[in-house]
Every structure is written in structure tokens, then in C-alpha cells.
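[1] Turn this into a model:
(one chain, ligands or ions: 3)
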Amino acid sequence: MENKINVVSTLSTIMLLFLSVVEVRSGALDVVAKFGAKADEKTDLSKPLSDAWKEACASATTSSIVIPKGVYFLSQATLEGPCKAPIELQVQGTIKAPTDPKAFKEPKWIEFNKVENFKMSGGGVFDGQGTRAYKREGCDKKDFCSALPINIRFDYLTNAMIQDITTRDSKQFHVNILGCKNITLQKFSVRAPKDSPNTDGIHIGRSDGVNIIDSDIRTGDDCISIGDGTKHLDVKGVTCGPGHGISIGSLGKFENEEPVEGITASKCTLSDTTNGVRIKTWAGEYGGTVSDVHFEDITVKNVSCPVIVDQKYCPSNKCKMNAESNVKLSNISFKNIRGTAALPEVVKIICSGKFPCENVELADIDIKYSGPKGPGVSECKNVKPKITGKQNPPACAAPVPPNPTPTV
Ligand SMILES: *[C@@H]1O[C@H](CO)[C@@H](O)[C@H](O)[C@H]1NC(C)=O
Ligand SMILES: *[C@@H]1O[C@H](CO)[C@@H](O)[C@H](O)[C@H]1NC(C)=O
Ligand SMILES: *[C@@H]1O[C@H](CO)[C@@H](O)[C@H](O)[C@H]1NC(C)=O
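    Ligands and ions are numbered 1, 2, ... in the order given. From the prediction side, this is the model:
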């Protein structure tokens, strides 16, 4: 009898323990239920979200914050660490930014800063509502044009995983990754009109170990732009277009830029973009290095400049066009790049006369141009690439015009 009672009470103790564990696990910090957020498109999500973040950040065990389905308005948010334990942010709803570009004091809308072991997922949308900003109203007075907000900033994160998130119509760059270590963006989407200015999809700088996987980027500027100090970047299974392609640079505009090294882009498809895969450095200006860059298994569909190294980058003639770039490029390969071009200059490898490109490889390039200005051509300068496999157009066979066409 006593034994039986003991068994029952032990069982109920176990049940209680089990229930409380379940409760802790499912005890997500719901911004609506617990912090007073309203999915009414006008109540500012800023305070509920930062209150939830503060609680999560102070928790000694992993916590998760939920923004449930619905449409929210968010003026601005800075979500900072260091935090005591990992944080997971589930964004299920759509979050909208102020439409007025002047509503922002700093060029950012949502910033995650100095967080370790951060996860964000949930299928949600960050809508920057950039349509008005794209018109550049009042820009002649320079009152806000230089400070347009970036939709999402990931600053100084370590071990972050961003999955199944969309950013839409950012007023400026969609995502800026700075000073991060080991961050993955997977099933990430970017949506902005083809003619939206300066709306780069994902910009990366001074970060080590960035992975962009199975993502889809459609925007008005570079799909992925890679700035100085980017190391060990892996771009895989990304579709891009419209947009300006996958681009390293521009580099050499500023003093003391850090090396770019260990960049791989593979199994990507670019459609109707102005560039395919590109490295650009300013004519003249400052020094720097780019090494160990590999573009492999790339499909291009109606891309204006599919393969391009441009060391004479000089937009709006803001430099000495005749000067040679001081950025040194080495160990670069373009392998298995196939598809169609929208313009005849299919392959263009224009390196610096002062620091010629070293150890460049062109392998299996098969890109058709069949427009009225045909046939497609391949131009090379200050580079002696190793050439293997099929080459259509014939590698480096065309003379380089004295003033190469500027790129965007
Ligand atoms: C990188 O971050 C992920 C979390 O996103 C983590 O699972 C993984 O262990 C980290 N890798 C290293 C080498 O720390
Ligand atoms: C190819 O790209 C050009 C320029 O971007 C565009 O005008 C044209 O419509 C595209 N052609 C096709 C067949 O999509
Ligand atoms: C280029 O590759 C060669 C051979 O793999 C290597 O020895 C050299 O250090 C590399 N150069 C740079 C700048 O990474």
C-alpha cells in the first residue's frame, strides 16, 4: 500500500516536472500576448520588441521571441548583445517601415548588434516601404539621400543562422553584414524593383565565414556585393535577377582596405542581370589585395556582362581613368560558366597595368550571344590566364578597345 502511494506520488512528481519543462520550452516571448504589440499596421512595434529582447537577453537559458502572423509597423529597432544565452527570433508576420525617408536619424532600420548564437526564422517579411525613397524627392538639397536606411544590419554577430526570411523594398541596401563571424543566410529572399537605386541585396564587409545558401535575390543593384575584409564567403545555390549580379568591390576607393580572400560562388543562376560574376577596383586610387576567388557552375541567362574583371572602374569619371589600379588580384578562377549574354562583350578581364592579375584560370566557358552586334567576344588585358576546356567565345581572342565600356 505504502509502495503504491509512493509510486503514484513519484509519477505525479515526474508529470509535474515534465509539464514544467514543456512550459519552459514552449514559453516563447510573444510580443503580442506578453508585450502589448498590435498587428494593426500603426502601433509601433519598437517598444514591445525591445522589451521582449531585453528579457530574452537577460535569460540564462535559450529563449525565443515570437512575432506572430499579422502586419506590424516598426519605426526602428536596435537589438543588442552581449546576451547571456542563445536567442531565437521567430518572425511570422510582416513588419513595415515608415515610408518617409526623413523619419530616420541614422541609416538603418533594424539592427542586430554584438549577439552570439542568434537565430532568426519564421517566414516573415521586413518591408522597407522604399517606393517614396526611390524617387529621391528633395535629393538636390542632400537632406536625406546619403542617409537612407538599410533594412537589416547584422553587426558583429558570432554564430548566427538566418533562415526563411524576406526583405522587401529597402530604401537602401537590404542587408549589411559587418564584422560577423560564422553567419549563414539560408532560404533568404530579397524583393525590390529592377529600377530601385542602390538597393543591393546582401552587402558583406570585414567578416569571416559568411554562407549564403539556397536564396533568391531580385533587386535594383548588386544581388551580393562583397566589400573589403571579407574572408571565407561561400555563396551556393543562389538565384539572382533582376539585379547587377554577384560583385566583389568596388575596392581601392579608400585607404587601408583589408584583403578580400577565399570567396566561392557556385551553383548560382543569374537572369537578366547587368553583370554576372564580377570583380571591380577603381582606376588609380588606393592599394589592396583580392585572392583565392572561385566562380564555378554558374548559369547566366540574358546577362549583359557575364564574366568581368574591371580594374578601370570609374563611375561618373570620379577618378583618373588613365591611372592603373593599385589593387592586386591573384588566384582567381572562372569554371563552367554557361548560358546566354545580352551584349557582345561576354568575357572581359581587364587587369591593372601596374599590378597584373596572377594565376587566373578560365575553364569551360560557353556563353552565347546572338544579338545584332554579334558575335560574342572575350577580351583580356594585363593577364595571362590558364585556359582549359571549351571556350565560347574564344578566350582572350578579341582586341581590347582603348576606352572599355564603363560598367554599373
Ligand atoms: C556556426 O554557427 C552555427 C549556428 O548558426 C553553429 O551551429 C556552428 O556550430 C558554428 N560553427 C562553428 C565552427 O562555430
Ligand atoms: C535581355 O536583357 C535586355 C537588357 O537587360 C532586355 O532589354 C531584354 O528584354 C532581355 N531579353 C529577354 C529575351 O528577356
Ligand atoms: C596562390 O596560390 C598559390 C598556389 O596554390 C599559393 O602558393 C599562393 O600563396 C597563393 N597566393 C595568394 C596571394 O593567395
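
[2] Could you list the low-confidence segments of this protein?
    Residue ranges of the chain with pLDDT under 70: 1-26, 138-146, 403-408.

[3] And it, what are its domain boundaries?
    With domains defined by automatic domain parsing, the chain comprises 1-28, 88-392.

[4] The last one and ligand 2, any residue contact?
    Read it as domain 88-392. Yes: using C-beta under 6 Å from any ligand atom, domain 88-392 reaches ligand 2 at 272, 302, 342. For glycine as for every other residue, the C-beta is placed from the backbone atoms N, C-alpha and C.

[5] Name the nearest of those relative to residue 179.
    residue 272 (33.2 Å; C-beta to C-beta).

[6] Tell me who's in contact with the closest one.
    The contact partners of residue 272, by C-beta atoms under 8 Å, 6 or more residues apart in numbering, come to 241, 242, 301, 302, 303, 342.

[7] neighbours of the last one, just the number please.
    When neighbours are defined as other C-beta atoms under 10 Å, residue 342 has 17 of them.

[8] ok, it touching residue 300?
    No: counting by C-beta atoms under 8 Å, residue 342 stays clear of residue 300, with 9.3 Å between them.

[9] what pairs with the residue in the stretch 51-200 of the chain positioned nearest to ligand 3 across the strands?
    Nearest to ligand 3, among the residues of the stretch 51-200 of the chain, is residue 181, at 20.9 Å (C-beta to the nearest ligand atom). According to DSSP bridges, the residues that bridge with residue 181 are residue 158, residue 208.

[10] one step back: nearest to residue 198, of the residues of domain 88-392 next to ligand 2?
    residue 272 (18.9 Å).

[11] Against ligand 3, how distant is that closest one?
    To ligand 3, residue 272 is 34 Å away according to C-beta to the nearest ligand atom, to the nearest Å.

[12] Next one: that residue relative to residue 243, how far apart?
    With distances taken as C-beta to C-beta, to the nearest Å, residue 272 is found 9 Å from residue 243.

[13] And for the residue of the stretch 51-200 of the chain closest to ligand 3, the neighbour number?
    Around residue 181 there are 16 residues (other C-beta under 10 Å).

[14] ok, the helix or strand that contains residue 225: who's next to it in the sheet?
    Taking DSSP states H and E as the definition, residue 225 sits inside strand 224-226. In the sheet, strand 224-226 lines up against strand 202-205 (parallel), strand 246-251 (parallel) (DSSP bridges).

[15] Dump whichever helix or strand comes after that strand to CSV, restricted to CA.
    Toward the C-terminal end, the helix or strand that comes next after strand 224-226 (DSSP H and E) is strand 231-236. What follows is strand 231-236, C-alpha atoms only, in CSV (Å, rounded to 0.1, in the frame of the first residue of the first chain):
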residue,chain,number,x,y,z
LYS,A,231,37.1,36.2,-45.8
HIS,A,232,35.8,32.7,-46.4
LEU,A,233,32.5,33.6,-48.1
ASP,A,234,30.5,30.7,-49.6
VAL,A,235,27.7,31.6,-52.0
LYS,A,236,25.8,28.5,-53.1
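
[16] How about strand 231-236, which residues are buried there?
    By 16 or more other C-beta atoms under 10 Å, the buried positions in strand 231-236 come out as 231, 232, 233, 235, 236.

[17] repeat for stretch 77-88
    Buried-residue list, stretch 77-88, by 16+ other C-beta under 10 Å: 77, 78, 79, 80, 81, 83, 86, 87, 88.

[18] now, which of those residues sits nearest ligand 1?
    The closest of the buried residues of stretch 77-88 to ligand 1 turns out to be residue 86 (C-beta to the nearest ligand atom; 8.8 Å).

[19] Who are the contact partners of the closest one?
    Counted by C-beta under 8 Å, 6+ apart, residue 86 has contacts 62, 63, 116, 117, 118, 119.

[20] farthest pair in those residues?
    Once C-beta to C-beta is applied, the contacts of residue 86 give 63 and 116 as the farthest pair, at 13.7 Å.

[21] Look up phi and psi at residue 47.
    phi -70, psi -50 (degrees, to the nearest 10).

[22] Equivalent analysis for residue 273, please.
    phi -100, psi 160.

[23] Could you list which of the residues of domain 88-392 next to ligand 2 belong to strands?
    Among the residues of domain 88-392 next to ligand 2, the members falling in strands (DSSP state E) are residue 302.

[24] With distance to residue 334 as new columns, can the residues of domain 88-392 next to ligand 2 be given to me in CSV?
    Output for the residues of domain 88-392 next to ligand 2, formatted as CSV (distance: C-beta to C-beta, whole Å):
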residue, distance to residue 334
272, 20
302, 19
342, 18
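
[25] Right, I'll leave it there.
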